[in-house]
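In: Based on what follows, work out the 3D shape:
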Amino acid sequence: MNWYENLSPVIQALIAATFTWGVTALGALVVYFFKEINKKVLDTILGFSAGVMIAAAFWSLIAPSIELSAELGYIEWLLPAIGFIVGGLFVLLSDRFLDKVLKSKGNLRSDSSLKRSILLISAITIHNIPEGMAIGVAFGGIASGVPGMALIGAIMLAVGIGIQNFPEGAAVSLPLRSEGYSRFKSFMIGQASALVEPISAVIGAVLVLYIRSMLPFLLAFAAGAMIIVVARELLPESVKDNKNLATFGLIGGFVLMMVLDVALG
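Out: All right, here's what the predicted structure looks like:
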């Protein structure tokens, strides 16, 4: 681990986000072996990922944002609150924009499975932008000396995002396969949905390193976007069929992230 600690935060963020992209590619790769993923396993994974991301949003992003605001002489809650709201609105408005764009395409019926697949791919790709930025902000924040931020927290944040990227990769490639795309093309589109994560992670890390005064806002922005993704995508999907498994997964993910961040942070 020493070699990783000695890297620049930008490279750390790039490696971590490349890992999350790699997990997405693994998820997309299931199109070569299965027609669908076992629903019980999928719901447990989604619940676990939701728990990790909720805990990470607080301990790795919101709490440091509040502490840094106080350290910089700002009103403690102001920038974190604004950042959280803007991050959430970014995801909400992105979804709304995508829906309007697809509705304007006359050759795609509103209830067509192809349209749903395109919407899903676009939504996952856009959601991966703030997730990648969250990784970059976390690693950049450590190098900037943000109170309450630690390497283990940033790593676990990336692990949590990576875990929930596995079903996302499958969620893109499998529907495309059912629409008649080849396995190779379905896989390539599935893994490509997460290519924005390494890019946005690097951008997030660079912004943090050079615009420290905006760091409380950026931390909270990433947290807000993550929480909205959890609320709109992960939890509703996970509790449809296996509510108990999803709940146990959420508890496990939250507690694991909390223990690692607090005990080792």
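
In: so where's the stretch 151-265 of the chain shaky on pLDDT?
Out: For the stretch 151-265 of the chain, residues meeting the criterion pLDDT under 70 lie at 263-265.

In: Helices of that one, start to end?
Out: Assigned by DSSP state H, counting those that start in this stretch, the stretch 151-265 of the chain shows helices spanning 151-178, 183-192, 196-210, 215-229, 235-238, 243-264.

In: and what of the stretch 1-150 of the chain?
Out: 2-5, 9-29, 39-56, 63-71, 78-103, 113-143.

In: chain center to the last one: distance?
Out: The chain centre lies 6 Å from the centre of helix 113-143; the measure is Cα atoms, centre = their mean, to the nearest Å.

In: for it, packing partners?
Out: The contact analysis (3 or more Cβ pairs under 8 Å, 6 or more residues apart in numbering; DSSP states H and E) places helix 113-143 against helix 9-29, helix 78-103, helix 151-178, helix 196-210, helix 215-229. C-beta coordinates here come from the backbone N, C-alpha and C atoms, glycine included.

In: Single out the most deeply packed of those.
Out: helix 215-229 (a mean of 27; mean count of other Cβ atoms under 10 Å).

In: Using PDB, write down the CA coordinates of it.
Out: Extracted C-alpha coordinates of helix 215-229, given in PDB (Å, rounded to 0.1, in the frame of the first residue of the first chain):
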ATOM      1  CA  LEU A 215     -13.700  22.100  -2.100                       C
ATOM      2  CA  PRO A 216     -16.600  22.200   0.400                       C
ATOM      3  CA  PHE A 217     -19.000  22.700  -2.500                       C
ATOM      4  CA  LEU A 218     -17.400  20.000  -4.700                       C
ATOM      5  CA  LEU A 219     -17.400  17.500  -1.900                       C
ATOM      6  CA  ALA A 220     -21.100  18.100  -1.200                       C
ATOM      7  CA  PHE A 221     -21.900  18.200  -4.900                       C
ATOM      8  CA  ALA A 222     -20.500  14.700  -5.300                       C
ATOM      9  CA  ALA A 223     -22.400  13.500  -2.200                       C
ATOM     10  CA  GLY A 224     -25.700  15.000  -3.400                       C
ATOM     11  CA  ALA A 225     -25.300  13.300  -6.800                       C
ATOM     12  CA  MET A 226     -24.500  10.000  -5.200                       C
ATOM     13  CA  ILE A 227     -27.400  10.100  -2.800                       C
ATOM     14  CA  ILE A 228     -29.900  10.900  -5.600                       C
ATOM     15  CA  VAL A 229     -28.500   7.900  -7.600                       C
END
